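A.B. asks: Just a sequence and a predicted model for now, questions to come.
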Amino acid sequence: MLSLSLNLPGPAALMRCRQLGATCIKLEPPAGDPMALYKRSAYEALHDGVRVALADLKTDKGQKALHRELAKADVLLTSFRPSALRKLGLDWKVLHRQYPALSQVAIVGAPGAGAEEPGHDLTYMAGNDLITGLNLPPTLYADMGGSVLASEAVLQALLHQRSKGKGVFLEVALSEAAAWLALPRSWGLTTPGAAVGGGHAGYRVYPCKDGRVAVAALEPHFAAALCTAANLQFSGMRMMFAAATHQAIAAWLLTQTRKSLEKLAADKDIPLHSLGKS
């Protein structure tokens, strides 16, 4: 597998393919991958087991190096805008004519004409209602979600090659990866007041005596165990949405330490995880 991808989504997809057993080669421009400047340890983790070489694809020498690798590859992974690919001589029609068995997985920002528009993880998250207030997301969801979709596309391309005897072009859009991650929200599952949006008293983050606790006692048997621990009589799932239940569980948790709650979780089979103070 040959990659020309830089930054995060492409290298993360390459890392995943490497973990699945692929032989992975990456050609980087002379200046290298910006990820090495952002966070060297992240770059090293992303490229563990990957053979990396430098090649200026804007030169004849770089193009020769590229085509040597293309002749041996099953899949080409890219993350350029379509116009940039054309400038590098990597238009799919031309590529497919030269290497009929080769597949290409192209990571773009958005599908169709949107592939030429600038964007990043943050804008794709914002476009799918996944940004709260002025806070940045705790991780790069669209990029990492896109990397998983890209690694799936690599597997799809290999299946197509095996069954059809020729390569295929597959496009993965980061905006669509964000939309995929946002589906539970679009279905109303995580909106404020919904079952996993704070409406269910057994599925919330609460303060405790010396920190916080993430409680995920969603199913009836977990909710019943939580209520018993909080000295409440469990009468069915409807009570878990009542304000009085929220108040009672919140008040009880304020009397508990993180250590006592972790012990309770182990003893009573309650899904929870204690956290430090925010």
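C.D. replies: Structure's in. What do you need?
A.B. asks: Going by C-alpha atoms from here, please, whenever you check contacts or count neighbours.
C.D. replies: Noted.
A.B. asks: which residues in the stretch 101-250 of the chain form helices?
C.D. replies: Secondary structure of the stretch 101-250 of the chain, counting by DSSP state H, counting those that start in this stretch: helices at 121-126, 141-164, 174-181, 183-186, 220-229, 243-253.
A.B. asks: just so I know, which of those helices lies nearest Leu46?
C.D. replies: Evaluated over the helices of the stretch 101-250 of the chain, closeness to Leu46 peaks at helix 141-164, with 11.5 Å, by Cα to Cα.
A.B. asks: what's in contact with the closest one?
C.D. replies: Judged by Cα atoms under 8 Å, 6 or more residues apart in numbering, the contacts made with helix 141-164 from elsewhere in the structure are 8-14, 16-17, 74-75, 101, 103-105, 107, 121-122, 124-125, 166-170, 172-178, 181.
A.B. asks: now with 7 Å?
C.D. replies: With contacts defined as Cα atoms under 7 Å, 6 or more residues apart in numbering, helix 141-164 is touched by 8-10, 12-13, 16-17, 75, 101, 103, 105, 121, 124-125, 167-168, 170, 172-175, 177-178.
A.B. asks: repeat for stretch 36-43
C.D. replies: Met35.
A.B. asks: roughly how far out does that stretch sit from the chain middle?
C.D. replies: The gap between the average C-alpha position of stretch 36-43 and the chain average comes to 18 Å, counting by Cα atoms, centre = their mean, to the nearest Å.
A.B. asks: Now that stretch: average pLDDT?
C.D. replies: Throughout stretch 36-43, pLDDT has a mean value of 96.
A.B. asks: quick one, what contacts the residue of the chain positioned farthest from its centre?
C.D. replies: For the chain, the largest distance from the centre (Cα atoms, centre = their mean) belongs to Gln233, which lies 40.1 Å off. In this structure, Gln233 makes contact with Cys227, judged by Cα under 7 Å, 6+ apart.
A.B. asks: do that again at 6 Å, thanks
C.D. replies: Applying Cα atoms under 6 Å, 6 or more residues apart in numbering, we find Gln233 in contact with no residue.
A.B. asks: Would you check how far apart it and Val205 are?
C.D. replies: Here Gln233 is placed at a distance of 21 Å from Val205 (Cα to Cα, to the nearest Å).
A.B. asks: I'd like the helices of the stretch 101-250 of the chain as CSV, with mean pLDDT and distance to Asp56 appended.
C.D. replies: CSV is the format used below for the helices of the stretch 101-250 of the chain (pLDDT from 0 to 100; distance: least, Cα to Cα, whole Å):
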stretch, mean pLDDT, distance to Asp56
helix 121-126, 96, 27
helix 141-164, 97, 25
helix 174-181, 97, 26
helix 183-186, 94, 40
helix 220-229, 97, 58
helix 243-253, 98, 60
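A.B. asks: what's the neighbour count on Ile269?
C.D. replies: Heads up, residue 269 is Asp, not Ile. By the other Cα atoms under 10 Å criterion, the neighbourhood of Asp269 contains 14 residues.
A.B. asks: Spatially nearest residue to Gly193, not counting backbone neighbours?
C.D. replies: Nearest residue to Gly193 in three dimensions, chain neighbours excluded: Gly199, at 3.9 Å (Cα to Cα, 6 or more residues apart in numbering).
A.B. asks: what about the one you found, how many neighbours?
C.D. replies: Here the count is done by other Cα under 10 Å, and Gly199 has 19 residues near it.
A.B. asks: Could you verify my assumption that it touches Thr191?
C.D. replies: No: proximity of Gly199 to Thr191 does not meet the contact threshold set by Cα atoms under 6 Å, at 9.0 Å.
A.B. asks: and Ser5, what helix or strand is that in?
C.D. replies: For Ser5, there is no enclosing helix or strand under DSSP states H and E.
A.B. asks: Pull the contacting residues for it.
C.D. replies: Taking Cα under 6 Å, 6+ apart, we find Ser5 in contact with Thr78, Ser79.
A.B. asks: any idea how far Ala248 is from it?
C.D. replies: 52 Å.
A.B. asks: Same check on Ile107?
C.D. replies: When distances are taken as Cα to Cα, Ile107 and Ala248 turn out to be 49 Å apart.
A.B. asks: who has more neighbours, these two?
C.D. replies: Ile107 (27 against 15).
A.B. asks: Where do the domain boundaries of the chain fall?
C.D. replies: Per the record's domain assignment (automatic domain parsing), the chain is made up of the domains 2-185, 195-275.
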